[in-house]
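> Here is a sequence with its predicted model. Questions after.
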Amino acid sequence: MDYLIRILDTPEDMAKIEDLYPVVWGGNDLDVTPAHLTLAISHNGGVVLGAFDGERLIGFILGFLGTDHRSPDRPAMARLKHASHELAVDPEYRNQGVGYALKIAQRSIVEQQGVRLITWTYDPLLSLNAQLNIRRLGAVCDTYRENEYGEMRDQLNRGIVSDRFQVDWWITSNRVKQRLEGARQALDLAHFLSAGAVMLNQVRLGEDGLSRPDLAILEPESNLAIVEIPANYLDLRSKDHGLAVFWREHTRTIFQAAFNAGY
């Protein structure tokens, strides 16, 4: 499909973002980032982009300048990053490359600003997000943030502790350039297993068709480790909330142990 991506920098633009929030996340007006704030971000070094089908806003991305917390002894100007906070696509336009295109446009502007690092968070249990962030964009992750946003009220996140991965997208790195150019293909499961990767959790399919992790968890001891997550966590959560909570606790234990071990 054809769509236009452009900078959003007017009150009218930001009103369209407000209108898209409930379509994407549900919830109420309390969960909407107000237009005056998104406008201030756009006017002060942040990046607010929209994807349009004609006059209709079908997606947006929003981020702002921040600092990398891992080097607090260095001056702020030496550890600048772009904090990408929100990426949304109208459900009618998903799986058509809109989110990917918004990230690429964001990368271009941030690179022009002279900033090399973009960070953002995503739910570790959402496989489609992992597909975009890690596999396609080439971001990396070694940070697990427990209950990052506290209790969330929107329909998409309500009722589940808001644990998140923070990913690092080093936009000028060879890894990212090769991934975006298609020169560096993501490996599949068979490649990792043949290279000696260890599966840290075992998952079985229940009689109800839902994925259930075993209680036993292996310690990460090899150079490569694999963690299985549900293919569709949102569907699983809608059918068995208790199981969804268990998946959160189960994977939190695994990921925190792995990152603490240096993965």
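Cool, got the structure. Numbering: from 1, shown residues only.

> Who are the packing partners of the lengthiest strand in the chain?
Criterion DSSP state E: the longest strand present in the chain is strand 56-67. Contacts defined by 3 or more C-beta pairs under 8 Å, 6 or more residues apart in numbering; DSSP states H and E place strand 56-67 against helix 11-25, helix 35-43, strand 47-53, strand 80-89, helix 98-112, strand 117-122. All C-beta atoms are positioned from the backbone trio N, CA, C, and that covers glycine.

> what is the orientation angle of that strand with strand 47-53?
Going by axes from the mean of the first three to the mean of the last three C-alpha atoms, to 10 degrees, strand 56-67 is angled at 170 degrees with respect to strand 47-53.

> how far away is the residue most central in space within the chain from residue 14?
For the chain, the residue nearest the mean C-alpha position is residue 122 (3.3 Å; C-alpha atoms, centre = their mean). Residue 122 sits 24 Å away from residue 14, taking C-beta to C-beta, to the nearest Å as the criterion.

> Looking at the helices and strands packed on strand 56-67, which is nearest to residue 157?
Closest of those to residue 157 is helix 11-25, at 7.6 Å (criterion: C-beta to C-beta).

> That closest one - what's its average pLDDT?
Helix 11-25 shows a mean pLDDT of 94.

> Now do the same for residue 204: helix, strand or coil?
Under DSSP: H, G, I helix; E, B strand; the rest coil, the three-state class of residue 204 is strand.

> From start to finish, how long is stretch 177-188 in a straight line?
20 Å (C-alpha to C-alpha, to the nearest Å).

> all numbers from here: first residue = 609
Sure, I'll start counting at 609 from here, so that last one is stretch 785-796.

> List the buried residues of that stretch.
787, 788 (16 or more other C-beta atoms under 10 Å).

> Check residue 829 and give its pLDDT.
At residue 829, the pLDDT value in this model is 79.

> Now do the contacts for the residue lying closest to it once chain neighbours are set aside.
The shortest distance from residue 829 to any non-neighbouring residue, by C-beta to C-beta, 6 or more residues apart in numbering, is to residue 806 (6.8 Å). By C-beta atoms under 8 Å, 6 or more residues apart in numbering, the contact set of residue 806 is 826, 828, 829, 830, 832, 833, 834.
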